[in-house]
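Student: I'll drop the sequence and a predicted model, then ask my questions.
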Amino acid sequence: TQTVSQSDAHVTVFEGDSVELRCNYSYGGSIYLSWYIQHHGRGLQFLLKYYSGNPVVQGVNGFEAEFSKSDSSFHLRKASVHWSDSAVYFCAASMNTGYQNFYFGKGTSLTVIP
Amino acid sequence: EAAVTQSPRNKVAVTGGKVTLSCNQTNNHNNMYWYRQDTGHGLRLIHYSYGAGSTEKGDIPDGYKASRPSQENFSLILELATPSQTSVYFCASGDAYSSYEQYFGPGTRLTVL
């Protein structure tokens, strides 16, 4: 069984602050990890992914995420947020490259105060 | 131009009625997915498909059917809609070898009265 947990349901920061959105997974084998962003009333948009190699991966709009096998984590970070980064962020995990076993966390709502 | 489109965008149905949600993708992806999104549950996989003519059950398939008549189209069918199926439904497409990178449609808000 594989699960993805996002411990913070809501995060509020000021524009220009740094932010870290946390994601932890429970699975002992090889895993594919992704982050998605969902603006209000829209579908999810792919941000970045990790499978192997450099544990820090870069995504669009200045986002990056760091994989840690020891912590079973894949936290998303941004050094300086903009008000337009306000959205819900979903972490997702898959055990393989197939079309099944793709699990989403419950999401973290990020509010950026201008 | 949007690569994954859904119709209708909003739908109100009556209990016991039949509802069909449609999805079209121009990504030429083999895989397509139907999810529902509910507060407190995140996204849950209902059905998926790995090509024309195939449909597979996801995590919560009960009460839903799916149809994939072509590479581009994937429908979700509620034969007897119930109020518990009130939700926002998302369709997504993905390459056969990278299911962790999916492309989502804008969603359909379904209300069953």
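Tutor: That came through, no problem.
Student: hey, what's the residue of chain B found nearest chain A bridged with?
Tutor: Closest approach between chain B and chain A, counting by Cβ to the nearest Cβ: residue B:104, at 3.5 Å. Where you see a C-beta, it was placed from the backbone N, CA and C, and this is true even at glycine. Judged by DSSP bridges, the bridge partners of residue B:104 are residue B:92.
Student: what's the weakest-modelled helix or strand in chain A?
Tutor: strand A:102-104 (a mean of 84; mean pLDDT, DSSP states H and E).
Student: run through the residues of chain B sitting next to chain A.
Tutor: Counting by Cβ under 8 Å from any Cβ of the partner chain, chain B comes close to chain A at B:4, B:31, B:33, B:40-45, B:48-50, B:56, B:58, B:90, B:92, B:94, B:96-107.
Student: buried members of these into ChimeraX, please.
Tutor: For the buried members of these, the matching ChimeraX selection, counting by 16 or more other Cβ atoms under 10 Å in any protein chain shown, is:
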select /B:4,31,33,42,43,44,45,48,49,50,56,58,90,92,94,98,99,100,101,102,103,104,105,106,107
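Student: in strands only, show me the residues of chain B next to chain A.
Tutor: B:4, B:31, B:33, B:42-45, B:48-49, B:56, B:90, B:92, B:94, B:102-104 (DSSP state E).
Student: just give me the closest of those to residue B:22.
Tutor: residue B:4 (11.4 Å; Cβ to Cβ).
Student: just checking, the closest one touches residue B:104?
Tutor: Yes: under the criterion of Cβ atoms under 8 Å, residue B:4 makes contact with residue B:104 at 6.2 Å.
Student: for the two, list the residues in contact with both.
Tutor: A:43, B:91, B:92 (Cβ atoms under 8 Å, 6 or more residues apart in numbering or on different chains).
Student: pipe those residues into TSV and attach pLDDT per row.
Tutor: As requested, the shared contacts of residue B:4 and residue B:104 are exported to TSV (pLDDT from 0 to 100):
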residue	pLDDT
A:43	90
B:91	96
B:92	94
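Student: name the nearest of these relative to residue A:13.
Tutor: residue A:43 (24.4 Å).
Student: pick out the residue of chain A closest to chain B.
Tutor: For chain A, Cβ to the nearest Cβ, closest residue to chain B: residue A:43, 3.5 Å.
Student: so how far is residue B:112 from the closest residue to that residue other than its chain neighbours?
Tutor: Closest residue to residue A:43 apart from its sequence neighbours, by Cβ to Cβ, 6 or more residues apart in numbering or on different chains: residue B:104 at 3.5 Å. From residue B:104 over to residue B:112 the distance is 22 Å, taken as Cβ to Cβ, to the nearest Å.
Student: quick check: mean pLDDT of the helix or strand where residue A:77 lies?
Tutor: Using DSSP states H and E, the element containing residue A:77 is strand A:73-78. What strand A:73-78 shows for mean pLDDT is 97.
Student: picking that back up, now the shared contacts of residue B:4 and residue B:104 as CSV including distance to residue B:11?
Tutor: Output for these, formatted as CSV (distance: Cβ to Cβ, whole Å):
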residue, distance to residue B:11
A:43, 16
B:91, 14
B:92, 19
